[in-house]
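**Student:** Fold the stuff below for me.
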Amino acid sequence: MLYKNYTYILPNFFTPDEVSRIHGVADSINAEESKTGVFRDRDPDAPPVNHDNPTVRQSTNKWIEHSLVPSQIFDKINEGFTIAKTNSGWNYDLNYMEAFQYTIYTHRPTQFSDGDFYTWHCDQGTDTYPNGNHRKLSATIQLTSPDEYEGGYFQWLEWENAFNTLRNGSMINSHDLIHTAPFSAKELGSMIIFPSWLHHQVTPVTRGERRSLVVWNCGFPYK
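**Tutor:** Presented below is the predicted three-dimensional model:
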């Protein structure tokens with residue numbers, strides 16, 4: 001599947017006041033250690049998968065149900081998805097957003113990393129949910145100013161250019177596949193949207209703390 005762009009960035013899409021309102025909602029929710037997989041308690045139609053794997057992911061998060069989100073914020077998130085899918089030509093049919101994930105990456109060195117991280121993964125599973133939907137578009141909204149932390153880069157893999165130059169006996173340098181979001185994507189309130197099947201990661205936070213809101217938009221399989 002080839003696209004003219006695999007990510008779409010809306011710099012400073014949310015105002016500082018709107019970002020503060022998101023923090024205000026999250027302040028009333030207890031944080032938990034982040035896991036990998038799909039959580040039945042967050043999506044009753046989803047299969048029960050709930051993994052701890054500190055070699056893959058290290059962070060904390062808070063789950064924000066839609067009923068807690070101001071309508072202005074909820075509608076603006078939907079607007080961002082619409083802008084991205086239209087301007088990028090993805091044009092996916094979308095049915096609903098899952099509960100929002102308020103994620104906290106902190107500089108806390110462990111045996112696995114210099115700081116919180118989430119290594120290469122994609123948000124879309126191999127199977128649809130029992131309701132017939134699966135994740136089709138994902139988004140990350142930056143809730144921390146870039147001068148408050150170091151590291152924590154959003155990266156994704158694009159294979160087209162590297163594969164186009166592949167010849168018999170030649171090898172691909174993995175670094176040629178990696179793309180890093182520009183500084184505009186790290187600015188406060190910026191929103192980056194991408195297809196949920198795209199492999200991506202967040203590099204270790206080496207100073208300070210990075211907070212973001214992660215959103216998954218679901219729909220029926222591609223036709």
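**Student:** which outside residues touch the longest helix seen in the chain?
**Tutor:** Secondary structure assigned by DSSP state H gives helix 71-88 as the longest helix of the chain. With contact meaning CB atoms under 8 Å, 6 or more residues apart in numbering, helix 71-88 is reached by 3-5, 8, 10, 13-14, 18, 21-22, 66, 90-92, 94, 97, 137, 139, 141, 191, 193, 215, 217. C-beta coordinates here come from the backbone N, C-alpha and C atoms, glycine included.
**Student:** change it to 6 Å
**Tutor:** By CB atoms under 6 Å, 6 or more residues apart in numbering, the residues outside helix 71-88 that reach it are 5, 8, 10, 13, 91-92, 137, 191, 193, 215, 217.
**Student:** Also stretch 152-168?
**Tutor:** 6, 105, 172, 176-181, 198-203, 205, 210.
**Student:** got it, and stretch 203-217?
**Tutor:** 22, 77, 81, 94, 97-98, 100-107, 113-117, 123, 135, 137-144, 148-153.
**Student:** May I see the ChimeraX selection of the buried members of these?
**Tutor:** To isolate the buried ones among those in ChimeraX, judged by 16 or more other CB atoms under 10 Å, type:
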select :22,77,81,94,97,98,100,101,102,103,104,105,106,107,113,115,116,117,123,135,137,138,139,140,141,142,143,144,149,151,152,153
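**Student:** rewinding a little: buried among the contacts of stretch 152-168? Need that as a selection in ChimeraX.
**Tutor:** The following ChimeraX line selects those of the contacts of stretch 152-168 that are buried, judged by 16+ other CB under 10 Å:
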select :6,105,177,178,181,198,200,201,202,203,205,210
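**Student:** sorry, back to before: how far is the helix or strand just after the longest helix of the chain from where the chain is centred?
**Tutor:** Going down the chain from helix 71-88, the next helix or strand is strand 96-97, by DSSP states H and E. From the chain centre to the centre of strand 96-97 is a distance of 15 Å (CA atoms, centre = their mean, to the nearest Å).
**Student:** average pLDDT across strand 96-97?
**Tutor:** What strand 96-97 shows for mean pLDDT is 97.
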